[in-house]
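# whatever this is, show me its structure:
(2 chains)
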Amino acid sequence: MLTRRDILQKCVALGSVIIATQASLEGMLAAFQDHEKQIHRPTPPNPLGPFYKRLAPVNDVLRAPGDPGIPLTLSGQVFDTRGDVVTDALIEIWQTNHQGYYDLDGYRYRGKRQVDKSGSYTFDSVIPGHYPDKSRICQHVHYVVTAPGHTTLITQLYFATDPVFEGDPVKNYARDPLIQTPELIRPVVLTGDPNEVHAKVTWELCLERL
Amino acid sequence: MLSRILAFLLVSSIPIAAPAQTARQEKAMALPAGVSIEEATISHAGNLVAAVCSDHSVRVWSIRSGELLRSLNEAKEPSAVQFSDDERSLAVAYDIRAYEKGAIKIFDVNSWQARHDFGDGPPVWWLAFSPDSRHLAGGSEFGAYVWDVATGKSTNISPPFGGSALAFSPDGTRVATAGPDGFMRIYDPNTGALQSTATLGTLLETMTLAFSPDGKTLLVGGVDKTIRVIEAASGKISRTIAKQPGLVWSLDVSPDGKNAVVVYRSAESFLDVNHLERLDLANGAVLTDFKKPGITIHGGMFVSDHYVFVVASANQLILWSIP
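Now for the predicted structure:
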């Protein structure tokens, strides 16, 4: 398969792209590639944490009927750093229940799924709770994203509504010692009436090509 | 009747064969106001203690005198510290780009000059020297590596998900790793060649492993609250010590190979690491039990027949020991 660099070189050779500057072809190619790399920055990594459990079931409906907590829909698309959709990514997520406890005996709030043909994914869950020890570890959902030809992404999603951020995650993100960038903190859209609130979070994930 | 009830209550409240809390506070080192301990390690001979502090410095104290020997400030965020067994070197790992890039410096413990500088490497959250100090192993959830200390050449020895725990064999000829992927792997530190793989039979993450003093067995523990005793040569699990009182966070085997000290992380209050037990490896019996709310245990070292361990409490580093 031709890379974009190959295609550009061919175009130059065939005259369909004309280099109209004083720069060399190699220089132009390097600049082009640098620009390409910056179209999408890879999603920042974040620790796996000690509560990962192998062999999670293929399941994107993690919330059972009647589960306490605010219902949550997590969705998004997976891209690579060139902005191309990754159509064969596997996304695995796990989180605590609404009270901040992980299920270590079973697989509650743990699941994985393939993205669809458009690189999209959706998980139904609940907003995870804070850890019960009153620490400053914010509410979070763990992600591991794998795709052939791409670096495995281990990261975590945080919620902009987390009270630890006091409404200003850009300013206060470092209150959680594990958050090194506000890029991992996602806005939360609340829908429904006050008695039946539903939270929606979208997160576009970007994988590095090998 | 009342006297019988009182007598019953009195008798039933007496612990029968319960392990005593025989821990003794040995030394306390004060930290500046607002500074806390994030990681700590004790040297093999029990003379030095080093700590990664919240102000991004690494402080080193003499255990005997309690004197602060050095405060290393490298304008980088330290993530792990480890002494060489001969106490001549202190390795410090630094975060360069969070969870993506790291660096390691090895300091001379007398001059405190950096003897080696391995920059632009993988993130490292755990460190271990080989007993002869020729190799340094380090790792994180993103993989484990071995450095040849003299040349600085690094070799990737485990895949992502395989390097949360690592330990050298007592003779330095093997380095074992384990992590969330359910395997324990043993490598040749000279070549990085995989020598054997053992299936641990757990779905949860392995957090710690330790060789027995004769190098024939390994103790492996983790989030499933189980300690597995594994034959190093065959990779066969010879015994399991299940139903531990918390997540098995660190393990050390006594010099005679008969006991192990286990540090537990709470399964209910995840950030609490304040419970430690000394176990008889023959039968799993608890010989000593130490639990103290409001502190964090950062592991320790067998020094002669005592186990000395580091505790962080408010802005103090405290050394405790158990017989």
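# C-alpha only now, for contacts and for neighbours.
Will do.
# just list whatever residues bridge to residue B:116.
residue B:106 (DSSP bridges).
# who in the stretch 51-200 of chain B is up against chain A?
For the stretch 51-200 of chain B, the residues in contact with chain A (CA under 8 Å from any CA of the partner chain) are B:98-100, B:141, B:180-182.
# how about a markdown table for those, with pLDDT added?
Below are those laid out as a markdown table (pLDDT from 0 to 100):
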| residue | pLDDT |
| --- | --- |
| B:98 | 84 |
| B:99 | 87 |
| B:100 | 88 |
| B:141 | 82 |
| B:180 | 93 |
| B:181 | 93 |
| B:182 | 94 |
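# got a winner among those for most neighbours?
residue B:180 (28 neighbours; other CA atoms under 10 Å in any protein chain shown).
# returning to that earlier point: filter the residues of the stretch 51-200 of chain B next to chain A down to just the ones in strands.
Using DSSP state E, no member of those falls in strands.
# tell me which of those residues is nearest to residue B:151?
The nearest member of those to residue B:151, counting by CA to CA, is residue B:100 at 23.0 Å.
# and residue B:178, how close does it get to chain A?
For residue B:178, the distance to chain A equals 13 Å [CA to the nearest CA, to the nearest Å].
# I figured that residue hits residue B:162, correct?
Yes: between residue B:178 and residue B:162 a contact is recorded at 5.1 Å, counting by CA atoms under 8 Å.
# export the biggest strand by length in chain A as PDB, just CAs?
When chain A is parsed with DSSP E, its longest strand is strand A:71-80. Only the C-alpha atoms of strand A:71-80 are listed here, as PDB (Å, rounded to 0.1, in the frame of the first residue of the first chain):
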ATOM      1  CA  PRO A  71     -26.800   6.600  33.400                       C
ATOM      2  CA  LEU A  72     -23.800   7.400  31.200                       C
ATOM      3  CA  THR A  73     -23.300   7.000  27.500                       C
ATOM      4  CA  LEU A  74     -19.700   7.000  26.300                       C
ATOM      5  CA  SER A  75     -19.100   7.400  22.600                       C
ATOM      6  CA  GLY A  76     -16.700   8.500  20.000                       C
ATOM      7  CA  GLN A  77     -14.500   7.500  17.100                       C
ATOM      8  CA  VAL A  78     -11.000   6.200  16.800                       C
ATOM      9  CA  PHE A  79      -8.600   7.900  14.400                       C
ATOM     10  CA  ASP A  80      -4.900   7.700  13.700                       C
END
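# the closest residue to residue A:147 other than its chain neighbours: how many residues sit nearby?
Closest residue in space to residue A:147, ignoring its immediate chain neighbours: residue A:89 at 4.3 Å, by CA to CA, 6 or more residues apart in numbering or on different chains. Using other CA under 10 Å, residue A:89 is surrounded by 24 other residues.
# which stretch of helix or strand covers residue A:171?
helix A:169-172 (DSSP states H and E).
# okay if I get the residues of the stretch 51-200 of chain B next to chain A as a markdown table plus distance to residue B:206?
What follows is those, written out as a markdown table (distance: CA to CA, whole Å):
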| residue | distance to residue B:206 |
| --- | --- |
| B:98 | 23 |
| B:99 | 20 |
| B:100 | 22 |
| B:141 | 11 |
| B:180 | 6 |
| B:181 | 8 |
| B:182 | 7 |
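# which among those gets closest to residue B:153?
residue B:100 (18.9 Å).
# for that closest one, list the residues it contacts.
A:45, B:122-123 (CA atoms under 8 Å, 6 or more residues apart in numbering or on different chains).
# again, but for residue B:117
Neighbours of residue B:117 in contact, by CA under 8 Å, 6+ apart: B:103-106, B:152.
# do the same with residue B:310
B:40-42, B:297-300, B:317-320.
# what's the lowest-pLDDT member of those?
Looking at the contacts of residue B:310 by pLDDT, the weakest one is residue B:299, with 85.
# okay, and that residue sits in which element?
strand B:296-303.
# ok so, going back, and the next element down the chain from the helix holding residue A:171?
Helix A:169-172 is succeeded, C-terminally, by strand A:185-186 (DSSP H and E).
# who does that following strand touch, helix- and strand-wise?
strand A:153-159 (3 or more CA pairs under 8 Å, 6 or more residues apart in numbering or on different chains; DSSP states H and E).
# quick check, the residue in the stretch 51-200 of chain B closest to chain A?
residue B:99 (6.2 Å; CA to the nearest CA).
# tell me the contacts of that residue?
A:45-47, B:123.
# residue B:170 too?
By CA under 8 Å, 6+ apart, the neighbours of residue B:170 are B:131, B:211-215.
# and chain A, which residues reach chain B?
A:45-48, A:50-55, A:101, A:104, A:131-133, A:135, A:180.
# give me the buried entries from those.
A:45-48, A:50-53, A:101, A:131, A:180 (16 or more other CA atoms under 10 Å in any protein chain shown).
# now, which of the residues you listed sits nearest residue B:269?
Using CA to CA, residue A:131 comes nearest to residue B:269 of these, at 7.2 Å.
# that older thread, make a markdown table out of the contacts of residue B:170 and add neighbour count, distance to residue A:144 and pLDDT.
Output for those, formatted as a markdown table (neighbours: other CA atoms under 10 Å in any protein chain shown; distance: CA to CA, whole Å; pLDDT from 0 to 100):
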| residue | neighbour count | distance to residue A:144 | pLDDT |
| --- | --- | --- | --- |
| B:131 | 18 | 36 | 97 |
| B:211 | 26 | 31 | 98 |
| B:212 | 23 | 34 | 97 |
| B:213 | 17 | 37 | 96 |
| B:214 | 13 | 39 | 97 |
| B:215 | 19 | 35 | 97 |
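# can you redo those residues as JSON lines with secondary structure?
Converted to JSON lines, these look like this (DSSP: H, G, I helix; E, B strand; the rest coil):
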{"residue": "B:131", "secondary structure": "coil"}
{"residue": "B:211", "secondary structure": "strand"}
{"residue": "B:212", "secondary structure": "coil"}
{"residue": "B:213", "secondary structure": "coil"}
{"residue": "B:214", "secondary structure": "coil"}
{"residue": "B:215", "secondary structure": "coil"}
